[in-house]
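# 3D, please:
(one chain, ligands or ions: 1)
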Amino acid sequence: MSKEVALEDIVSLCKRRGFIYQGSEVYGGLAGTWDYGPLGLSLKRNIMNLWWKTFVEERDDMYGVDAAILMNQRVWQASGHVDTFHDPLIEDIETKRRYRLDHLLEDNGVNPEGMSLEQMAEALRENNIKSPDGNQLGEPQFFNMMFETAVGPVKDEHSKSYLRPETAQGIFTNFKNVVDSFYPDVPFGVAQMGKAFRNEISPRDFVFRSREFEQMEIEYFIHKDDWRKEFEKWVVDIKAFLSELGLPEESVHEHEVPAEDRAHYSERTIDFMFDYPHKRDELLGLAYRTDFDLKNIERESGKNMEYITKGGGERFVPHVIEPSFGVERAVMAVLVSAYNQDEVNGEKRIFLKLPQHLAPVRVAVSPLLKNKPELVKKAREVYDLVKKEFSNVMWDDNGNIGKRYRRQDEIGTPYCVVVDFDSLEDDSVTVRDRDTTEQVRVKISELSEKLK
Ligand code: ATP
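Numbers count the residues shown, from 1 in each chain. You can find the predicted model right below:
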């Protein structure tokens, strides 16, 4: 079995098998946007549902919200996004193509970590770095990544809004609402999943760096004295979740972000890195955001964000630990971890060794031959039976049985159930295992139980 995975292998499987397509593909695409096909959508939803179940439904200290994507522009002024949510940009003076300066440095073997814009410009000159087309580069500048839009029929300064660049602010703006409705004990968390938009200078590496993507974020409100303890607990919980996603421990790395590279509000950040095919890169972040956001809201809105302990003993603005997951980066890490190749009967085989709870199709049911009505009838009965147990069951009678197995292997279906002529006699079916390709006979009456 080989585990060398190239990005092109993942991209091509995703397109071939209906996981992920380029956005607006028929019109030549729109850079940094991707569309999920039936199987990709199912995989993505399975990941998001697992996250929600793990971090919200199975805990009693968590509250979910689903805030509007469009928010009052003051949210983004208060949060600092209007002034500081930018990336360093550099332009090829010939082609006018624009690049992300820190990425260009990295691509040329210079580590930009901790460098200011001036230092990056200096490094560019010292190393005589040219654009990827070999041309001279202009002066670096910062580029704000928020997509601006106007709300309402009149376009002026008051109508200005942004597509949210993170889901976190929709949580902070609802902090007081949740406290007033539920009066939870501190510590407690508010969670949100949903779309976020960033006008990335150069989207790349498949869905890893997109302009429209989804986040799963939690703001965990704590007493400031407890931040170290709570931070460590989150490290443990995140690792357990990544293991549920089927990511091998050796492919996940914790990067303690040095002070000079942390967001200005963060006193500690760990980036959880994953070994993607393009490089080791950020899968998710865990940050101690102090009371920065709630204090900003207090200042900007004039509303009090204090929490009063039950009995009124203490009032304080809670501090916050923030685990911030990117859905696309999780989808990609899951696909990379699951991607496998081996040889079966002298033929190369690609299969996705997805954890069963994430597989878009849990079981595929086939009649051995699709032109034999008695087999089709029996297989339909089996299909209906299995479908009652698992919702994501696929009816598959396309091509010969060998082709069906290959296709189901490639989309990560753990089990294929085949109804053949013997089934008509002995009320049994063949169940084939994706990973071992072994086939066993199972009584139809015991099938659901066995598949579980
Ligand atoms: P990067 O340094 O890679 O640009 P970031 O540090 O700016 O990422 P955060 O602001 O911490 O990212 O966002 C939280 C999470 O959202 C990231 O860990 C990632 O999973 C996801 N994310 C951020 N930007 C993108 C993007 N352009 N495409 C897909 N996912 C993203």
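# now do the domain split for the protein, please.
The chain resolves into domains spanning 7-83+169-335, 361-451 when parsed by automatic domain parsing.
# for the last one, the distance to its chain's centre please.
Which is domain 361-451. Chain-centre distance of domain 361-451: 31 Å, with CA atoms, centre = their mean, to the nearest Å.
# all strands for the stretch 101-250 of the chain, in order.
For the stretch 101-250 of the chain, the strands defined by DSSP state E, counting those that start in this stretch occupy 141-144, 147-150, 160-163, 188-197, 212-222.
# how far away from the center of its chain is the last one?
Pointing back at strand 212-222 there. 11 Å.
# the third one too?
Taking CA atoms, centre = their mean, one finds the center of strand 160-163 at 24 Å from the center of the full chain.
# ok, residues contacting it?
69-73, 76, 81, 146-151, 197 (CB atoms under 8 Å, 6 or more residues apart in numbering). For the C-beta atoms, the positions are set from N, CA and C on the backbone; glycine is no exception.
# of all residues in the chain, which one is closest to the ligand?
With CB to the nearest ligand atom, the shortest gap between the chain and the ligand falls at Gly326, namely 2.0 Å.
# that residue: neighbouring residues, count only.
Residues lying near Gly326 (other CB atoms under 10 Å) number 23.
# from Asp271, how far out is it?
According to CB to CB, to the nearest Å, Gly326 stands 11 Å off from Asp271.
# how about the residues of the stretch 251-400 of the chain by the ligand?
Glu282, Leu284, Gly285, Ser324, Gly326, Glu328, Arg329 (CB under 6 Å from any ligand atom).
# as CSV, those with distance to Lys239 would be great.
CSV is the format used below for these (distance: CB to CB, whole Å):
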residue, distance to Lys239
Glu282, 16
Leu284, 11
Gly285, 14
Ser324, 16
Gly326, 17
Glu328, 21
Arg329, 16
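# now compare these and name the two farthest from each other.
Gly285 and Glu328 (14.4 Å; CB to CB).
# any low-confidence regions in the stretch 1-150 of the chain?
Along the stretch 1-150 of the chain, segments meeting pLDDT under 70 span 1-3.
# pLDDT at the residue nearest the centre of the chain, what is it?
For the chain, the residue nearest the mean C-alpha position is Val327 (1.4 Å; CA atoms, centre = their mean). pLDDT, Val327: 98.
# which ones are touching the nearest residue to it once chain neighbours are set aside?
Counting by CB to CB, 6 or more residues apart in numbering, Glu214 is the residue found nearest to Val327 once chain neighbours are left out, at 3.8 Å. Going by CB under 8 Å, 6+ apart, Glu214 touches Lys44, Met48, Met193, Gly194, Lys195, Ala196, Gly326, Val327, Glu328.
# let's see that with 7 Å instead.
Met193, Gly194, Lys195, Ala196, Val327, Glu328 (CB atoms under 7 Å, 6 or more residues apart in numbering).
# and for Tyr220?
Pro187, Gly189, Glu230, Val320, Ile321.
# how close does it sit to Met394?
As defined by CB to CB, Tyr220 lies at a distance of 39 Å from Met394.
# ok, and what's touching stretch 102-116?
Around stretch 102-116, the neighbours that count as contacts under CB under 7 Å, 6+ apart are Pro88, Ile90, Met120, Ala123, Leu124, Asn127, Ile129, Ser202, Pro258, Glu260, Asp261.
# and the helices in the stretch 1-150 of the chain?
7-16, 38-52, 73-78, 81-84, 101-107, 117-126 (DSSP state H, counting those that start in this stretch).
# next, the buried residues of stretch 418-436.
Within stretch 418-436, the residues that count as buried by 16 or more other CB atoms under 10 Å are Val418, Val419, Asp420, Ser423, Ser428, Val429, Thr430, Val431, Arg432, Arg434.
# and the nearest residue to the first one once chain neighbours are set aside, how far from Asp342?
Going back to what we said before, that points to Val418. Of all residues not flanking Val418 in the chain, Thr430 sits nearest, at 4.5 Å (CB to CB, 6+ apart). According to CB to CB, Thr430 and Asp342 sit 21 Å apart.
# checking Lys377 next. Helix, strand or coil?
State at Lys377, reduced to three classes by DSSP: H, G, I helix; E, B strand; the rest coil: helix.
# pLDDT at it, what is it?
pLDDT at Lys377 comes out at 97.
# what is the neighbour count of it?
With other CB under 10 Å as criterion, Lys377 counts 12.
# which residues touch it?
With CB under 7 Å, 6+ apart, Lys377 has no contacts at all.
# repeat that for Pro258.
For Pro258, the contacting residues are Gly114, by CB under 7 Å, 6+ apart.
# what about it, distance to Tyr276?
For Pro258 relative to Tyr276 (CB to CB), the value is 22 Å.
# got it, and Ile171?
From Ile171 over to Tyr276 the distance is 28 Å, taken as CB to CB.
# higher neighbour count, the two?
Ile171 (25 against 21).
# what bridges to Leu20?
Let me fix one detail, which is that residue 20 is Ile and not Leu. Tyr36 (DSSP bridges).
# count of neighbours near it?
Neighbour number of Ile20 under other CB under 10 Å is 26.
# with the one 10 residues further on instead?
A total of 14 residues lie near Leu30 under the criterion other CB under 10 Å.
# again with Pro184
Around Pro184 there are 17 other residues, counting by other CB under 10 Å.
# let's have the chain start at 22 instead
Fine by me, first position is 22 from now on; the one you just mentioned is Pro205.
# which ones are touching it?
Asp82.
# at 8 Å instead, please
Asp82, Tyr84, Val199.
# filter the residues you listed down to the buried ones.
Buried, going by 16+ other CB under 10 Å: Tyr84, Val199, out of those.
# of the contacts of Pro205, closest to His274?
Among these, and counting by CB to CB, the member closest to His274 is Asp82, at 28.4 Å.
# now Met69: closest residue in space that isn't a chain neighbour?
Met214 (5.6 Å).
# surely that neighbour touches Met237?
Yes. Using CB atoms under 8 Å, Met214 makes contact with Met237 at a distance of 4.6 Å.
# which neighbours do these two have in common?
What both Met214 and Met237 touch, as defined by CB under 8 Å, 6+ apart, is the set Met69, Trp72, Trp73, Thr188, Val348.
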